[in-house]
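1. let's see this in three dimensions:
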Amino acid sequence: MRILIIEDEPFAQAELMRLLAKVEPEVKILDCLDTVEDSVDWLEANDSPDLIFMDIQLADGKSFEIFEQTKVSAPIIFTTAYDNYALEAFKVNTIGYLLKPVKEAELKAAMDKLKNMRSSLGGKAGDLLDEQKLEKLLKLSEKPEYKTRFIAKVGDRIESISLAEIAYFYAEDNEVFLVRADAKRFIIEYTLEQLGNLLDPKLFFRINRSFLIKIDSIAKVSKYFNSRLLLELKPKTEQETIISRAKVSAFLEWMDG
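-> Residues are numbered from 1 along each chain as shown. Next up, the predicted model:
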């Protein structure tokens, strides 16, 4: 099987190739591309691969833009960090998807699904993206997508942390920490400003320069001097978490939903 990988994270590229070698030893990786532009150029200059693994967010835009610029006849298995409404649409449209970090068992199940589709279609699995499905994908690409998990390094291990596990983020000494509900903390490679754009604003609020909190992490809200608010978070913090007078109104509106 000839496979094209469209993925802008080198670690994710390497991990996918490692897992494919275990699950399907006979596969041939044709290329690894990390941009919409390079992907369009490759698809127009080469014969269609047997399968494409495609990340949703690429270095220069969303992968859905590829379908607007060139015909894609190969079946697609999307790889994504977003576990939201879009994935349900992929499932309805019989387009495979894998959540990062990709797990071996899930990859094998996706490959088996492709084989079954080929068998039912008489050995062919192309043209799975008809015009109706493509239109839905392009509409989805216009909607905001928020991160639902983070990858953190723990020694030599890579750990995946889901949104449900996260309590809050805070910045200290030029580093940003993710704090789980069990009080374990992890250094992550994002600034609080970046996180503010990546996370659902209905769930997260930047209370001050140092803290970005999730609604579930609030244990207690108290009045504080000079018309400010004092928060008690869970798990507890070593420093006081205070909301400035300028942010009190927006914070209360956020809490009220």
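
2. could you use CA atoms for every contact and neighbour count after this?
-> Noted.

3. what distance do you get for the closest residue to Ala59 other than its chain neighbours to Tyr170?
-> Nearest non-adjacent residue to Ala59, counting by CA to CA, 6 or more residues apart in numbering: Thr35, 5.2 Å away. Remark: distance between Thr35 and Tyr170 (CA to CA, to the nearest Å) = 32 Å.

4. count of neighbours near Asp47?
-> Taking other CA atoms under 10 Å as the criterion, the count of residues near Asp47 is 9.

5. please apply the same query to Leu252.
-> Count around Leu252 with other CA under 10 Å applied: 11.

6. quick check: which element contains it?
-> Here Leu252 sits within helix 245-255, counting by DSSP states H and E.

7. so which residues of this structure form helices?
-> 10-23, 36-45, 64-69, 85-92, 104-120, 131-141, 192-198, 245-255 (DSSP state H).

8. the bottom helix or strand of this structure by mean pLDDT?
-> Lowest mean confidence among the helices and strands of the chain (mean pLDDT, DSSP states H and E): helix 85-92, at a mean of 46.

9. which residues are in contact with the closest residue to Ser222 other than its chain neighbours?
-> Nearest residue to Ser222, sequence neighbours excluded (CA to CA, 6+ apart): Leu230, at 5.1 Å. Contact partners of Leu230, counting by CA atoms under 8 Å, 6 or more residues apart in numbering, are Val221, Ser222, Lys223, Tyr224, Glu240, Thr241, Ile242, Ile243.

10. of the residues you listed, which one scores lowest on pLDDT?
-> Minimum pLDDT across these is recorded for Glu240, with 90.

11. and that one, what does it touch?
-> Applying CA under 8 Å, 6+ apart to Glu240 gives the contacts Leu230, Leu231.

12. same thing but 10 Å
-> Neighbouring residues of Glu240 by CA atoms under 10 Å, 6 or more residues apart in numbering: Leu230, Leu231, Glu232, Leu233.

13. that older thread, pick out the most distant pair among the contacts of Leu230.
-> Pairwise distances across the contacts of Leu230 (CA to CA) peak at 13.1 Å, for the pair Lys223 and Glu240.

14. between these two, what contacts are shared?
-> Residues touching both Lys223 and Glu240 (CA under 10 Å, 6+ apart): Leu230, Leu231.

15. ChimeraX command to pick out the buried ones of the contacts of Leu230?
-> This is how ChimeraX selects the buried members of the contacts of Leu230, with burial counted by 16 or more other CA atoms under 10 Å:
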select :241,242,243
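
16. can you flag which of the contacts of Leu230 belong to strands?
-> Val221, Ser222, Lys223, Tyr224, Thr241, Ile242, Ile243 (DSSP state E).

17. show me the contacts for Ala181.
-> For Ala181, the contact set (CA under 10 Å, 6+ apart) comprises Ala164, Glu165, Ile166, Ala167, Tyr168, Asp216, Ser217, Lys234, Pro235, Lys236.
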